[in-house]
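K.L.:
Next input, structure requested:
(one chain, ligands or ions: 1)
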Amino acid sequence: MTTLTANIAGFEFDDILLNAAGVYCMTTEELDQVLTAPGAGSLVTKSATPSFRAGNPAPRFTKMPLGSINSMGLPNNGLDYYLDYVITKQAVKPLFLSIAGLTKTDNLAMLHQIQASNFNGLVELNLSCPNVPGKPQTAYDFDATRAILTEVFQFYTKPLGVKLPPYFDIVHFDMVAAVLNDFPLAFVNTINSIGNALAIDPETDSVMIAPKGGFGGIGGEIVKPTALANVRALRLRLNPAIKIIGTGGVQTGRDVYEHILCGADLVSVGTNLAFEGPAIFDRLKTELLAEMAKKGYRSLADFRGNLQTL
Ligand SMILES: O=C1NC(=O)NC(C(=O)O)N1
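P.N.:
Below is the predicted model:
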C-alpha cells in the first residue's frame, strides 16, 4: 500500500495536496469545494486582513502563456469570516488560516485574536504579497522579517509558518534561512508569485491587468524552476523541524514529485487549480502515485529531499 502522508507540527496529513492561498478560498463555498475534494489533504484560506477589503480594480487576474498574472490586492472578507470557517471545520482535517496585514500592527492584532480563539490549526503569515500599491514584500527585508517574528513569538504559541516570496540570489537564501532558523516556525511555504512581472496582449499592445500599470505576480508553469530552487535551497538550509510547503508551477503529478524530491512535505496548487478546478487534486494524486510506482517508492519518505546532484 503506497502512502502519501506528511506531518507538520504534530498534524498528520494523509494527503499532501492543497490550494495555494488566494485560489479557491475567497468564500466558504469555494473553501468547502477544496475541503471535500478527493486528493486534497488540507486547505488554506485567502490571506485575511483585519476587516473586509475590496482589493485592486479589475481586470486583476488573467491567463497568459505558460501561466497567470495577478494583482488582486488582497481582496478578502476579513479575518472573522475565515476564522469562523476554520474553527467550524477544523475537526474534518488540519487547516491553514492565512493572514496578510498591511502593517505589523495589523498582523500582531490578528495573531492575538487567533491566539485567543478556538482555532487550533496552522497559521500562514503571508509576508510576500507583491500587489498592494505602496507596500513592500516584507520578506525581502530581512531585518523587518526578524523584527515581526521576534514580536510574534513573544506571545503566539500555536503552529505558525510564513509564506515567502521567491529569492534569486544564493546569498539571500542564506540570509533568510539565518533569520527563520532563529524562530520555532512550524513551516515555510515557498514560493509566492514572482512579483511585478508584465504581460502584454498581442492584439491590443496593452498590459493585461489594470492595477499598477499592469505589473503583477506571475504563477503557473513558467515559475516552476524558481519554485523548485527555493524549495531545495531552503530545505538544505532550514532546521529540519521547519517543514516546507512547496508551491509554484504544479500542473502534473511529476511536478508534485519534483517538489517532494526538492524537500517539500506538502505541495500547494495555485494557477492550475484556478484553471482546472478542484478536480485537479485527484488527477495530481493519481499521477503522483503512478510516478512513485514507476520508481518503486511506497512512501514520500522514500524520496523526499533525494534530489541527485552531478
Ligand atoms: O500574496 C499574494 N500573492 C499574490 O500573487 N496575489 C495575492 C493578492 O494580490 O491578493 N496575494
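
K.L.:
where's Asp84 relative to Thr45, distance?
P.N.:
Going from Asp84 to Thr45 by Cβ to Cβ, to the nearest Å gives 11 Å. All C-beta atoms are positioned from the backbone trio N, CA, C, and that covers glycine.

K.L.:
I meant to write Phe52 there.
P.N.:
Per Cβ to Cβ, Phe52 is found 14 Å from Thr45.

K.L.:
Kindly report the same for Pro65.
P.N.:
Counting by Cβ to Cβ, the gap between Pro65 and Thr45 amounts to 30 Å.

K.L.:
So for these two, which residue has more residues nearby?
P.N.:
Thr45 (29 against 9; other Cβ atoms under 10 Å).

K.L.:
Can you tell me the closest non-neighbouring residue to Phe187?
P.N.:
Excluding its sequence neighbours, the residue lying closest to Phe187 (Cβ to Cβ, 6 or more residues apart in numbering) is Gly161, at 3.6 Å.

K.L.:
May I ask you to confirm that that neighbour belongs to a strand?
P.N.:
Yes - Gly161 forms part of a strand when assessed by DSSP: H, G, I helix; E, B strand; the rest coil.

K.L.:
Surely it touches Leu127?
P.N.:
No - Gly161 is beyond contact range of Leu127, at 10.3 Å (criterion: Cβ atoms under 8 Å).

K.L.:
got a list of what the nearest residue to Pro38 once chain neighbours are set aside touches?
P.N.:
For Pro38, ignoring the flanking residues on the chain, the nearest one in space by Cβ to Cβ, 6+ apart is Asp282 at 4.3 Å. Residues near Asp282 by Cβ atoms under 8 Å, 6 or more residues apart in numbering: Ala37, Pro38, Gly39.

K.L.:
Tell me the predicted confidence for Met1.
P.N.:
pLDDT, Met1: 87.

K.L.:
And it, how far from Met292?
P.N.:
To Met292, Met1 is 12 Å away according to Cβ to Cβ.

K.L.:
Quickly list what's touching both of these two.
P.N.:
Going by Cβ under 8 Å, 6+ apart, residues that sit against Met1 and also against Met292 are Arg298.

K.L.:
These two: who's more crowded?
P.N.:
Comparing Met1 with Met292 by other Cβ under 10 Å, the one with more neighbours is Met292, at 22 against 4.

K.L.:
Arg304 is in contact with that one, correct?
P.N.:
No - using Cβ under 8 Å as the test, Met292 is too far from Arg304 to be in contact (11.2 Å).

K.L.:
If you drop the residues flanking it in sequence, what lies closest to Thr138?
P.N.:
Closest to Thr138 by Cβ to Cβ, 6+ apart is Leu127, at 4.2 Å.

K.L.:
ok, Thr157 touching Ile114?
P.N.:
No - checked against Cβ under 8 Å, the pair Thr157 and Ile114 is beyond contact range at 10.8 Å.
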